[in-house]
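Visitor: I'd like to go over a predicted model; first the sequence, then the structure.
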Amino acid sequence: MTADPRARRFEQLVMPHLDSAYNLARWLTRNDADAQDVVQEACMRAFKYFDGFDGQYATAWLLKIVRNTCYSWLKENRPAEEMLALDDDLNEIDRDQAAMAINASGLGRSPEELVGIRRDTERLNRAIEMLPPPYREILILREMDDLSYREIAEIVGVPIGTVMSRLARARGQLQAALRNSAVGSVAS
Amino acid sequence: MRCEDFETIRDLYLDCELDHTTVAQIDAHLLLCATCRIAHEQARALQNELRSDARRYRAPPLLHERIRGAIAPRPRAFANLRHLASGWNPIAIAASLMLTITLSSGITADYLAVAKDNRVVDDVIASHIRSLMADHLIDVASSDRHTVKPWFSGKIDMSPPAVDLGASGFALVGGRLDYVDERPCAALVYRHDKHVINVLMWAHDAGNGTTTESYSRQGYNLIHVAADALDYWIVSDLHQGELNEFVSRLLMAARDSDGAG
């Protein structure tokens, strides 16, 4: 808390959206410490450019900064994911291969999670984590933050048509992954 | 409406992105077409599952603190004034200041001490908050005092007692140089569970004897000890009790290590 009116306004307008910001960063970095660093850096940027913010749609304004900070971070720390994330020109085969590479590396992280029958919510969370970042972020913005296509397009910086096609692919991949892992857990 | 038409806008229908007329057309189609109806129900089931079951992460309290501390490095002790003094009426502020001091007469001494050492306390908290940011915690990362202690030599005009208190649950994680009250100082970093403790210290310029003061600001607890020709400032989000325990162990071990050479 502070007497500085600028910091007070930031506190009122922006800080209420910190959970959304952290949620997005946490899902994109898949790690608590990294998500905290990204959100802190994003908030510092937001505060720096706060005078240019018109006070409208604070969620979208903050999430856009968080999202861009996330991608800078991914570019530096996880270049394989970032390549996939930023290159919209990748064809479907490259995209699927990259997704499979990420899936394989992700699965290697916790072997104990691969055995036994998993609870449904764990399966669901795992399946979201396995989505390529451009699909994952759109799904999170749509289903967890309940944002409209227009708001998502603004945050991600793509046309609404791209939001629609990515969302459809995200849902399709998620549906397929859940079906596959259901089959896998019955078999094991 | 044909099935192919519905397929292209199925997500828009699910996400309420369509106008009323189109929605009515789809409603009519779904009544007649079981295939499209099942496809839509599956999509809606997935959406419901995502909204109700998928994990939503909440920002940890420490993150709130870090950001607040970084954008508004101000004393929390005075935050309650604003609630009492709505509108920044000077008389109201004066009245609430009196009220605050009266109500908290038990810690009045703390308030006065805070005023006296305001700049140092602000610097110490700022140093602590900076240290919580990524990669700013330590310049020399080691739990071995024989690594940490020599690292400071030549960098600063004192030898910090880098003692490991791991056996008591306070593990030494490293040290760094910092800058407080317009002078360079040595910082030792300890961890207790998930809490970080910063010990800032510099050569003490006033007499002998030991004095101890405690502060509580911005959600952090601080202890200032002047002892053995050193000024120590210990800062953490640990409870005051635990921090007191840490400080007494630190001082005891520092004296022992001095005695041992």
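Guide: Looks like it came in fine.

Visitor: Okay, and residue 22 sits in which element?
Guide: Answering for chain A, as no chain was given. Per DSSP states H and E: A:Y22 is located in helix A:18-29.

Visitor: meant chain B, my bad for not saying
Guide: Counting by DSSP H and E, B:T22 is part of helix B:20-32.

Visitor: and that helix, what other elements does it pack with?
Guide: Judged by 3 or more Cβ pairs under 8 Å, 6 or more residues apart in numbering or on different chains; DSSP states H and E, helix B:20-32 is in contact with helix B:3-8, helix B:10-14, helix B:34-53. For glycine as for every other residue, the C-beta is placed from the backbone atoms N, C-alpha and C.

Visitor: For the longest helix seen in chain A, buried residues please.
Guide: Across chain A, the longest stretch assigned as helix under DSSP state H is helix A:160-187. For helix A:160-187, a neighbour-count test (16 or more other Cβ atoms under 10 Å in any protein chain shown) marks A:162-164, A:166-171, A:173-174, A:177-178, A:181 as buried.

Visitor: among those, which two are most distant?
Guide: Greatest spacing in those, by Cβ to Cβ: A:T162 and A:S181 (27.8 Å).

Visitor: still on that earlier bit, identify all contacting residues around the helix holding B:T22.
Guide: Defining contact as Cβ atoms under 8 Å, 6 or more residues apart in numbering or on different chains, one finds that helix B:20-32 is touched by B:1, B:3, B:6, B:9, B:13, B:18, B:36-37, B:40.

Visitor: Tell me, how many residues neighbour residue 60?
Guide: Answering for chain A, as no chain was given. 22 (other Cβ atoms under 10 Å in any protein chain shown).

Visitor: You answered for a different chain; I wanted chain B.
Guide: 16.

Visitor: got it, and B:I223?
Guide: Neighbours around B:I223, by other Cβ under 10 Å: 21.

Visitor: again, but for A:E154
Guide: 18.

Visitor: List the residues that contact the nearest residue to it once chain neighbours are set aside.
Guide: Leaving aside its chain neighbours, A:E154 sits nearest to A:A60 (5.7 Å; criterion: Cβ to Cβ, 6 or more residues apart in numbering or on different chains). Shown in contact with A:A60 (Cβ under 8 Å, 6+ apart): A:147, A:151, A:154-155.

Visitor: one more time with 10 Å
Guide: The contact partners of A:A60, by Cβ atoms under 10 Å, 6 or more residues apart in numbering or on different chains, come to A:17, A:20, A:67, A:141, A:145, A:147-148, A:150-155.

Visitor: Just the CA trace of the helix or strand harbouring it, in PDB.
Guide: Using DSSP H and E, A:A60 maps to helix A:58-77. The C-alpha trace of helix A:58-77 is given here as PDB (Å, rounded to 0.1, in the frame of the first residue of the first chain):
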ATOM      1  CA  ALA A  58      -7.400  -4.400 -17.600                       C
ATOM      2  CA  THR A  59      -7.500  -8.200 -17.800                       C
ATOM      3  CA  ALA A  60      -6.700  -8.200 -21.500                       C
ATOM      4  CA  TRP A  61      -4.200  -5.400 -21.100                       C
ATOM      5  CA  LEU A  62      -2.200  -7.300 -18.400                       C
ATOM      6  CA  LEU A  63      -2.500 -10.700 -20.000                       C
ATOM      7  CA  LYS A  64      -1.100  -9.400 -23.300                       C
ATOM      8  CA  ILE A  65       2.000  -8.200 -21.400                       C
ATOM      9  CA  VAL A  66       2.200 -11.400 -19.500                       C
ATOM     10  CA  ARG A  67       1.800 -13.400 -22.600                       C
ATOM     11  CA  ASN A  68       4.600 -11.500 -24.500                       C
ATOM     12  CA  THR A  69       6.900 -11.800 -21.500                       C
ATOM     13  CA  CYS A  70       6.200 -15.500 -21.400                       C
ATOM     14  CA  TYR A  71       7.200 -15.900 -25.000                       C
ATOM     15  CA  SER A  72      10.400 -13.900 -24.600                       C
ATOM     16  CA  TRP A  73      11.100 -16.200 -21.700                       C
ATOM     17  CA  LEU A  74      10.300 -19.300 -23.700                       C
ATOM     18  CA  LYS A  75      12.500 -18.000 -26.600                       C
ATOM     19  CA  GLU A  76      15.400 -17.700 -24.200                       C
ATOM     20  CA  ASN A  77      14.900 -20.800 -22.100                       C
END
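
Visitor: In space, not sequence, find me the middle residue of chain A.
Guide: Nearest to the mean C-alpha position of chain A, counting by Cα atoms, centre = their mean, stands A:E137 at 3.4 Å.

Visitor: buried residues in the helix or strand encompassing B:A254?
Guide: Counting by DSSP H and E, the element that carries B:A254 is helix B:240-259. Residues of helix B:240-259 classed as buried by neighbour count (16+ other Cβ under 10 Å): B:242-247, B:249-251, B:253-254.

Visitor: Check what pLDDT the residue nearest to A:E154 gets.
Guide: A:A60 carries a pLDDT score of 92 in this model.

Visitor: so where is chain B shaky, pLDDT-wise?
Guide: Along chain B, the parts satisfying pLDDT under 70 run over B:73-117, B:134-137, B:205-209, B:258-261.
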